[in-house]
Structures are given as structure tokens and as C-alpha cells.
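Engineer: compute the structure for the input listed below.
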Amino acid sequence: ITTVLSVRNKKGLFEWRKRVGDEVANYVAVKAANRGTAVHHMCEDFLNNVEITQEGRDFLPWCLFSQLKPYLDECIGLVHCQEKALWHDYYKIAGRVDCIAEWDGVLSVIDFKTSTKEREDSWNENYYIQASAYAEMYQERTLQGIEQIVILVVTEDGTVQEFVKKKHQYLHLLDKELNMYYNTSKTGI
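Structural biologist: Numbering: from 1, shown residues only. Next up, the predicted model:
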């Protein structure tokens, strides 16, 4: 699913890369990826009941996880799976979901994100489409429906943003992106 969505709405990203140059853009991208991976691993370990300590951890990811931890404690109930490979036969897509768990008592696809600054809701559309795709994949695999998707973002200044949506708001966009991807792949354009 990340491949299908990888070229969607990238004009601003390409313009930024052109403006700052490849060297700076690559540095920022690697820094962001490393930060996100570190925070994600701490969230995953925490939800697996592994004790998380600061020892041996980079300062910023530790601080970001510390900001997320109260949300994990308060909002996440029964965890159904983490880092699970999923696929959908009809859509012909696959991916690895961060977490499927109860969020405030509702079975949800939960995605953990980090950001340098607060995100506007409209910036998250790809995340919503991707999470909706995971909900559809999970339902096809388990026959257990998921209607709610949650994107949990922690920023470098410690702000936590909780975006809770219904997957049905984004399924038409998933269909559109899949159609464009498969039609482009067939024509070689």
C-alpha cells in the first residue's frame, strides 16, 4: 500500500527538495525516519509489556515516547496485533500495520507518527487512506470489521495530536488510488 500511495500529492515535497537541495533533504529524511523508527519500537515494546527505560536511548526519541506513553496507557485496550503483515486478495495490496487494538474501547487501526511540527488534518490524508486499507485487509483476513482509524502524532516540541477517523470516509480515495496505480502499471506510464 505504501508503494501505491508513494507518488500521491508529492508536488510540495518535490518543490521543497529542489529548494533545499538533495543533501539537506536526504539528511532531514534520514533524521525523521530514524526518529520515527525509534519511537515506534518503544511504543511496540511498551504495548508488549516490555519495560522501557531511557538507558541507551537517544534523547529526542525517548522524550517523544514519554509524551505518547500517557495516551497509550489511557486509550489503548486489548491489542489484537502489532507489526502484522496483512494483504487483501481483491485489492491486490499488502502492508505491515503498526497496531490493531481497542482505542477508547473501539477496535481500531492505530498508526504512530512523529513530526517536527504540528500537523494539519489535511496533511494526513495518505495516512488515513493507508490505515483504511489496513482495516480492509484485516477484515478480509479475520472477518472482523474495523471502522475506526487512529493516527497518533507526537511532535518535536512534545505536542501529541490524536486524529480519529472512520475508514469509510477514505475508501473511495483508496479505490481511486488503486485504479490509478494499476492502470498506470499496465500502460507503463
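
Engineer: burial of residue 183, as a residue count?
Structural biologist: Look at residue 183: counted by other C-beta atoms under 10 Å, it has 10 neighbours. To be clear about C-beta, it is placed using only N, CA and C from the backbone, and glycine gets the same treatment.

Engineer: where does it fall, secondary structure wise?
Structural biologist: Assigned by DSSP states H and E, residue 183 belongs to helix 171-187.

Engineer: what do you get for residue 13?
Structural biologist: helix 11-20.

Engineer: again with residue 129
Structural biologist: Residue 129 belongs to helix 125-142 when assigned by DSSP H and E.

Engineer: hmm, who's touching that helix?
Structural biologist: 1-2, 5, 8-9, 86-91, 93-95, 97, 100, 109, 111, 113, 144-147, 149-151, 163, 165, 167-171, 173-174, 177 (C-beta atoms under 8 Å, 6 or more residues apart in numbering).

Engineer: could you check the angle helix 125-142 makes with the helix holding residue 183?
Structural biologist: 90 degrees (axes from the mean of the first three to the mean of the last three C-alpha atoms, to 10 degrees).

Engineer: ok, and the helix or strand in the chain with the lowest average confidence?
Structural biologist: Using mean pLDDT, DSSP states H and E, helix 11-20 stands out as the lowest-scoring helix or strand of the chain, at a mean of 83.

Engineer: next SSE after it?
Structural biologist: helix 22-47.

Engineer: any stretches of this protein with poor pLDDT?
Structural biologist: 9, 185-189 (pLDDT under 70).

Engineer: what strand or helix carries the residue nearest in space to the middle of it?
Structural biologist: With distances taken as C-alpha atoms, centre = their mean, residue 111 lies nearest the centre of the chain, 3.9 Å away. Secondary structure from DSSP H and E places residue 111 in strand 106-115.

Engineer: same question for residue 79.
Structural biologist: If you go by DSSP H and E, residue 79 is part of strand 76-88.

Engineer: list the contacts for residue 65?
Structural biologist: Residues in contact with residue 65 (C-beta under 8 Å, 6+ apart) are 38, 39, 42, 43, 46, 52, 154.

Engineer: mind checking how far the strand holding residue 111 is from the chain centre?
Structural biologist: Its chain's C-alpha centre and that of strand 106-115 lie 6 Å apart, by C-alpha atoms, centre = their mean, to the nearest Å.

Engineer: what lines up beside it in the sheet?
Structural biologist: Under the criterion DSSP bridges, strand 106-115 sits next to strand 93-103 (antiparallel), strand 148-155 (parallel) in its sheet.
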